[in-house]
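Novice: pasted the sequence and its predicted model underneath.
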Amino acid sequence: MRTIDLHVHSNRSDGSMTPSQLVDLALEKGLSAFALTDHDTTGGLEEAIRYAADKEIEVIPGIEFSTEYQGKDIHMLGLAIEYDAPVFRDRIRAFVDSRILRNRQMCRNLAEAGIDISYEKLTAAYPGSVITRGHYSRYLLEHGYVKSMPEAFDRYLGDHTPYFVPRQKVTPAQAVQLILDAHGLPVLAHPTLYHLGKEALQRLISELKETGLIGIEALYSTYTAGETREMRQLAERNGLLISGGSDFHGKTKPGLEMGTGYNGRLIIPYDIWEKLKEKREEMLHG
């Protein structure tokens, strides 16, 4: 059976592997396609697509937007986006700029706490990356301030800590519209992780479907069999397609494998991507 992975991160956001290395890994894993969905950036897409051009693997251009809904961090995936559209690129640049402002202040906060860090040192340690809290945790671990990445979040990086600086975010509906403007497929990422409750999750999906949501991530690395079944049923009730992905980050998420999740339990058939592609053709050409 041909398999895919529609949720993968490179070192252009908070993954540990380059876009080219992800292509090689996907081939090694026997995948037919994967979507590169870095956080709020398309910076790795050109490299991945160019590197895969003469190889038997399909690289799907994607992105994962961090959005806010009723005080919760909600992630929206955009699949098969036209990432080089000028308007889309301008909006992505605005996302990056907002991250830079947040990161400069967080570095100042941590430096005041006695940590040898600055925005310049952080970007020098992870060149070419859109800096996320994952990079901070690795920096703190590598420089001996914490003994684990979870400890870094507990002590320094979590929303509850005095060092955290919130970043201005769009709403999920705004992200859906931005993805549609780039002729992409808007998909709600890993819905069970938000702990919204069934009624609130249904309200969110209903609101997003009015905007143009086409799918939800029904196959995911941490789902139980019951959660997978529940997400499939949720998609069916709402007339939505399903997507699936590992949320692979490389060394940032130990034990999580591209394409197969934890302990090889994740299997995402290629026909899921075929149905999504058919939907995109319908959206573009009626």
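Specialist: Received it, and whenever you're ready, just let me know what you need.
Novice: what about residue 209, how many neighbours?
Specialist: For residue 209, the tally of surrounding residues (other CB atoms under 10 Å) stands at 16. Heads up, the C-betas are built off the backbone N, CA and C, glycines and all.
Novice: who touches it in this structure?
Specialist: With contact taken as CB atoms under 8 Å, 6 or more residues apart in numbering, residue 209 is in contact with 238-240.
Novice: look at it and tell me its secondary structure.
Specialist: Secondary structure, DSSP: H, G, I helix; E, B strand; the rest coil: residue 209 is helix.
Novice: ditto for residue 216
Specialist: Recorded secondary structure, residue 216: strand (three-state DSSP).
Novice: so how far is residue 202 from the nearest residue to it once chain neighbours are set aside?
Specialist: Nearest residue to residue 216 in three dimensions, chain neighbours excluded: residue 188, at 4.6 Å (CB to CB, 6 or more residues apart in numbering). Distance of residue 188 to residue 202, computed by CB to CB, to the nearest Å: 12 Å.
Novice: compare the two (neighbour count), which wins?
Specialist: Taking other CB under 10 Å, residue 188 and residue 202 do not tie; residue 188 has more neighbours (29 against 14).
Novice: for that one, give the beta-bridge partners.
Specialist: Beta-bridge partners for residue 188, by DSSP bridges, are residue 76, residue 216.
Novice: what is the burial count for residue 222?
Specialist: Around residue 222 there are 15 other residues, counting by other CB under 10 Å.
Novice: ok, residue 228 touching residue 217?
Specialist: No: the criterion here is CB atoms under 8 Å, and residue 228 misses it with residue 217 at 10.3 Å.
Novice: now the residue located most distally from the centre of the chain: how far from residue 104?
Specialist: Centroid-distance maximum for the chain: residue 114 at 31.7 Å, with CA atoms, centre = their mean. Residue 114 is 18 Å from residue 104, where distance means CB to CB.
Novice: likewise residue 97?
Specialist: Distance, residue 97 to residue 104, using CB to CB: 11 Å.
Novice: in the protein, where is pLDDT below threshold?
Specialist: Scanning the chain for pLDDT under 70 picks out nothing.
Novice: please enumerate the helices of it.
Specialist: Counting by DSSP state H, the chain has helices at residues 19-29, 45-52, 86-112, 119-125, 133-142, 149-152, 172-181, 198-211, 225-237, 270-285.
Novice: quick one, which of the ones you listed is nearest to residue 76?
Specialist: Ranking the helices of the chain by proximity to residue 76 (CB to CB) places helix 172-181 first, at 4.0 Å.
Novice: thanks again, I'm all set now.
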